[in-house]
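Peer 1: Structure for this input, please:
(2 chains)
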Amino acid sequence: MSHSDRVKYLPGKEPHPREHRLIFKNIDREGWDPSIDCYMQDGGYDQLKKAITMEPIDITNEVKTSGLRGRGGAGFPTGVKWGFIPPGNTKPVYLICNCDESEPGTFKDRYIVHQDPHQLIEGMVISAFAVGAHTAFIYMREEFPEAAIIMEKAIEEAREKGFVGKNILGSGFDLEIWVHRGAAAYICGEETGLIESLEGKRPYPRIKPPYFPAALGLYMAPTIVNNVESLCHVKHIIEMGGEEYAKLGVDRNTGTRILCVSGDVKKPGYYEIQVGKMTMRELLNEVCGGPLDGREFKAVIPGGSSSKILRCDETFKIGRGDDATDLSFWDIQLDFDTLAACGSMAGSGGVIVLDNSRKMSWVLNNINHFYAHESCGQCTPCREGSTWMKKISDRIVEGKASPEDIKTLEEVAYQIDGKTVCAFGEASSWPVEAIIDKFRGELTAETSETNERLSKEQLQREQFLGKV
Amino acid sequence: MSETLTPQLPKDEAAEKGLVNVQIDGTWIQVPKGTRMIEACKMAEKEVPHYCYHPKLTSPGNCRMCLVQMGMPPRPAPGAEPVYGDDGYQEIGWMPRPVISCANTVGENMGIRTTGKLVEEVREGVMEFLLINHPLDCPICDQAGECSLQEFSVEHGRGQSRFVEDKVKKPKNVDIGPRINLDDERCIMCSRCIRFMDEVADDAVLGFSERGTHTTVTCHPDRRLDSNYGMNTIDLCPVGALTSKDFRFQMRVWFLKETNSIDVNCGTGCNTTIWTRGSKVYRVTPRRNDDVNSEWMPDSHRLAFHETQGDDRLTDPMIKVDGKHEITDWNTALTAAADALKEFQASEIAIIASARQTNEELFLTKALADTLGITTLATVPRTGEPDGKLISADRNPNTNGANLILGATPTTEIIKQKLHSGEIKALLILNEDVFEAAGFTHDDLAPAEFIISSNIIANKTAHASDIFLPGASFAEKRGSMINVTGRLQRLNQAIQPTGNAREDWEIIRDLILTITGEKNDMFMIENVLKMIATNIPEFNGITFSKIGDQGIPLIETGVEIPLLTKERAQAAAGIIVG
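Peer 2: Below is the predicted model of the structure:
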């Protein structure tokens, strides 16, 4: 970006030269504050002024052209999602900004809502205008109390300037934005769970079909739910034009995205990169400064805790049959499709790095604890299975498990996977499936045949059935 | 017209009738468009196990027991035509992931597999999850024997548990309402009770608290599950989490005999099942009838059977001697009654009959009146506040039958006046307590020289009677009644009349026999209905077997049952199956 060269950052917080700061341009910027004046001095709300004169369908088409894929986890094309609102719809349309950033390992949206609230508001007003929504909500996770205040203040500022409220910039377009605070539940990040919560109910995710939010969302009206980062990108797509934006990143994986690197690296933090324009090697060794002294990288969880773990010494088969090529872990380019081809996902961009000081049983148990605690309890496999997995991994960590338990744990995970109301089933079972699959030897080494896994009664029964 | 018409494809054939073709476990059937997959499977006589799904409630799809494998024809490439096989159907591409059959609807050329490796593995998995934290206390659980958890675990479960961890502890023996007990450990969180209270009972007192495996069904703070429809949640509960305080620990359900009958506490005539063992009624539960009570009934009516099994139940005919009742036999009582009635002019006798009587009893009452030439024949109206659901303002179960058979009748007020004026000297009171129902006082009855009454319990009218004839309760007799909507329904005999009591139609028939001394053809209650069918045009051709367990519409009354109106609107909106 031409003007990004002029941007100065706080000492020690300068972006890495390999970064491409679009969304995070103003994060940790010298002399930057979340006020509207500061934002407008930097060209803020210019894109809204431009967008409001466009036809809504043209905005949607620009977003489609840009190839923007949702940054919340699933990576679904944003413009396509907007197009799902039923034609001839007569109900009100709602726009919801999903700011329930609760995927472990993810910490990008929090910087936007804390430091650059107006970027989000501008993105939201443009998006709401595109989809025809006159009411928009920011669903803010409970753990962001300060951000809620900042956001509320920013909305008021924007209202005073005529960017929010009635007759925005004299266009005749009205939009109200409400900040709604959650009550600290991971499941509220699931879009239909979020909608239920917004309606004032328990955040039990809805079954799909029939309750696809774009048709039957909030109050059974068409609803578009987008991640904070995705909505911010809309502003930049208007600024650059969809075609120009699509030149960022790689084919079908366009734009920039923020990677949140945590764990065992020298320089953990957030890095905004062009999607797919960086490999694991570059990210971990170059950008993040390599492993801690005296340690070696062992594994990486590439897209938030629910994505499948990747071993650093793994080689993946990409493609099918004769066309299949080998891809080593270090050469994985960080985009949606490559990570999916490696059997994992880009998810929410939360890269969790583990080195050889970490026991995989502890990692497994930590993740299981989280999902057992956060399962909403609506549907059977997740409700019962997530806690069962936790209990088994508890015993593995305590050294009370037998090799048979590893097998049971794996089967339980597959028993949950794909059988639940929402994606939580996969979120809780994929890490278990992957960790067992890739670290079976290490886990089994922590178990002992002598551990009595069965009660006496069960043992007798198994002997009777000839199974022991 | 061309003679080389291409044969019509099954899809077009079905579409003409508003149907779609669905292949269920390899067999093609046609079902209405928009049918839920689980209902389509039912039509194909394939059982899909389920817990949370109930046709009368919304479908949250939370139990995951009804997962089946679904397949659709592959979408043709742009510009390509779909390919049809020799049988006229497209090839089905099966999905690798299971789908819930309760909330998804069928489509043309859809395939459903309710068996096979995928489905069986899924069911086994869900079953295992449901059982790991279940207390498995079947030996002391009232639901045992009618528990879906037991049934499906036998059919679809693993047979043995892999769960060696500690189970989750939850509240037990929770006093959740005046008539209902809750055991949270047994609960499988299907949410049927919660949805029923919200959607049908309009009293959303139930909900979940906690989350994950600790999820617990609870009543809202400072509320109780005290709705008059609350006990329906006991029937809905697929496990033993919600049990009836009235029925719990009384009897194992497999010892009970089920008799289909109807409720006699108001004009709606909810269809019921009477559960009996020996000569005792243990419980009454609602039975599905989409034209009467859907699947529900009010608690007050469900528990009303206790009144017929109390200590005040009269079991023998009695004659008053020197102001005191003495037990006697039927012959003596009936002869005394016949003799007494003959003492009076026909115009001096009044009959107070009841709209609680069956059509057969009413018809014989009319016959008795005609035999003696009695013209003063009244019934007692009984009304109350309708509840806007199933309880009708008319608290008599057979007002329409009484109107049809007896025609216009004088009010009991006129009889009261005629007693005071001395015009009426003798009373025959059938199935009514004139004190309770018609506002009679001892002073009102004092002018009566002779009172004969029949009833089942020792009420004030029975005390005042010179001759008392013990009748049968609703569970002890057969007969037919016409409900508020004009539907003719059948009472069936679940148990024998207690003691020496007799079915009421027999009592009146025997009284006629004793008075006339002539034989008649009324050996069985069927003979009485046959006579009604010949004498009253509306009943033309009616027999008990034609009435059946679901009843038949007999007359137009224009009355609607509010609960059904609401249910039909929900079904029309597609919220429920109905």
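
Peer 1: Next, residue 445: phi, psi?
Peer 2: Just so you know, I chose chain A. Main-chain dihedrals, residue A:445, degrees, to the nearest 10: phi -60, psi -20.

Peer 1: Can you report how many residues lie near it?
Peer 2: 11 (other C-beta atoms under 10 Å in any protein chain shown). Backbone N, C-alpha and C define where each C-beta goes, glycine included.

Peer 1: That one and residue A:358, how far apart?
Peer 2: 15 Å (C-beta to C-beta, to the nearest Å).

Peer 1: For chain A, which residues are neighbours of chain B?
Peer 2: Residues of chain A that fall close to chain B, judged by C-beta under 8 Å from any C-beta of the partner chain: A:185, A:202, A:204, A:207, A:209-210, A:372-381, A:383-388, A:391-392, A:395, A:408, A:415-416, A:418-421, A:453-455, A:458, A:461-462.

Peer 1: please redo it, this time with the cut-off set to 6 Å
Peer 2: Proximity of chain A to chain B, by C-beta under 6 Å from any C-beta of the partner chain, involves residues A:207, A:375-381, A:383-385, A:387, A:391, A:408, A:415, A:418-419, A:453.

Peer 1: Filter those down to the ones in helices?
Peer 2: Counting by DSSP state H, these place A:380-381, A:383-385, A:387, A:391, A:408, A:415 in helices.

Peer 1: So which of these is the closest to residue B:146?
Peer 2: residue A:380 (20.9 Å; C-beta to C-beta).

Peer 1: what number of residues lie near the closest one?
Peer 2: Going by other C-beta under 10 Å, the residues that sit close to residue A:380 add up to 27.

Peer 1: quick one: terminal-to-terminal distance for stretch A:252-261?
Peer 2: This stretch, stretch A:252-261, spans 23 Å end to end (C-alpha to C-alpha, to the nearest Å).

Peer 1: now swap in stretch B:238-255 and tell me
Peer 2: 19 Å.

Peer 1: Now do the buried residues in stretch A:385-401.
Peer 2: A:385-397, A:401 (16 or more other C-beta atoms under 10 Å in any protein chain shown).

Peer 1: Stretch A:283-292 too?
Peer 2: A:283-285, A:287-288, A:291.

Peer 1: go on, stretch A:191-199?
Peer 2: Quick answer for stretch A:191-199 (16+ other C-beta under 10 Å): A:191-198.

Peer 1: now stretch B:134-154
Peer 2: So for stretch B:134-154, counting by 16+ other C-beta under 10 Å, buried means B:134-136, B:141-144, B:147-150, B:152-153.

Peer 1: now, which of the residues you listed sits nearest residue A:434?
Peer 2: Using C-beta to C-beta, those come closest to residue A:434 at residue B:134, 30.3 Å.

Peer 1: tell me the pLDDT at the closest one?
Peer 2: On pLDDT, residue B:134 comes in at 95.

Peer 1: go on, the one 3 residues further on?
Peer 2: pLDDT recorded at residue B:137 is 94.

Peer 1: Kindly provide the distance from it to residue B:168.
Peer 2: 14 Å.

Peer 1: Also residue B:445?
Peer 2: Taken as C-beta to C-beta, the span from residue B:445 to residue B:168 is 65 Å.

Peer 1: again with residue B:307
Peer 2: Taking C-beta to C-beta, one finds residue B:307 at 42 Å from residue B:168.

Peer 1: does residue B:259 really touch residue B:494, like I thought?
Peer 2: Yes - between residue B:259 and residue B:494 a contact is recorded at 3.7 Å, counting by C-beta atoms under 6 Å.

Peer 1: Now for the two: what residues contact both?
Peer 2: residue B:274 (C-beta atoms under 6 Å, 6 or more residues apart in numbering or on different chains).

Peer 1: okay if I get the buried residues of stretch A:385-401 as CSV plus distance to residue A:75 and pLDDT?
Peer 2: Listed next are those as CSV, based on distance: C-beta to C-beta, whole Å; pLDDT from 0 to 100:
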residue, distance to residue A:75, pLDDT
A:385, 26, 96
A:386, 24, 97
A:387, 29, 96
A:388, 30, 96
A:389, 26, 97
A:390, 28, 96
A:391, 33, 94
A:392, 31, 94
A:393, 29, 95
A:394, 33, 93
A:395, 36, 91
A:396, 32, 94
A:397, 33, 94
A:401, 36, 92
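
Peer 1: what's around residue A:70, how many residues?
Peer 2: There are 21 residues near residue A:70, going by other C-beta under 10 Å.

Peer 1: How is the chain partitioned into domains?
Peer 2: You didn't pick a chain, so chain A it is. Taking automatic domain parsing as the criterion, chain A consists of the domains A:33-247, A:250-355, A:360-445.

Peer 1: I was after chain B.
Peer 2: B:10-77+B:84-115, B:166-309, B:318-560.

Peer 1: Under a three-state scheme, what state does residue A:134 occupy?
Peer 2: strand (DSSP: H, G, I helix; E, B strand; the rest coil).

Peer 1: That one and residue A:172 touch, don't they?
Peer 2: No - checked against C-beta under 6 Å, the pair residue A:134 and residue A:172 is beyond contact range at 11.2 Å.

Peer 1: more crowded one of these two?
Peer 2: residue A:134 (15 against 9).

Peer 1: quick one: pLDDT of the more buried one?
Peer 2: 97.

Peer 1: And for the nearest residue to it once chain neighbours are set aside, the neighbour number?
Peer 2: Nearest non-adjacent residue to residue A:134, counting by C-beta to C-beta, 6 or more residues apart in numbering or on different chains: residue A:174, 5.1 Å away. Neighbour count of residue A:174, defined by other C-beta under 10 Å: 13.

Peer 1: From what I see, residue A:174 and residue A:166 are in contact.
Peer 2: Yes - the criterion here is C-beta under 6 Å, and residue A:174 meets it with residue A:166 at 5.0 Å.

Peer 1: Show me how far stretch B:369-389 is from its chain's centre.
Peer 2: Remark: stretch B:369-389 is offset 24 Å from the chain centroid, using C-alpha atoms, centre = their mean, to the nearest Å.

Peer 1: hey, C-alpha coordinates of it in CSV?
Peer 2: Extracted in CSV, the C-alpha atoms of stretch B:369-389 (Å, rounded to 0.1, in the frame of the first residue of the first chain):
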residue,chain,number,x,y,z
ALA,B,369,-91.0,-43.2,31.0
ASP,B,370,-93.1,-44.2,28.0
THR,B,371,-94.0,-47.5,29.6
LEU,B,372,-95.3,-45.8,32.7
GLY,B,373,-96.6,-42.8,30.7
ILE,B,374,-94.4,-40.4,32.6
THR,B,375,-94.0,-37.0,30.8
THR,B,376,-91.9,-35.1,33.3
LEU,B,377,-88.3,-36.2,32.3
ALA,B,378,-85.5,-33.8,32.9
THR,B,379,-81.7,-33.8,32.8
VAL,B,380,-79.4,-31.7,34.9
PRO,B,381,-77.1,-29.2,33.0
ARG,B,382,-73.6,-29.0,34.3
THR,B,383,-71.4,-26.2,33.1
GLY,B,384,-68.1,-24.6,34.1
GLU,B,385,-65.4,-22.3,32.7
PRO,B,386,-63.9,-23.7,29.5
ASP,B,387,-60.1,-23.7,29.6
GLY,B,388,-59.6,-22.9,26.0
LYS,B,389,-57.9,-26.2,25.4
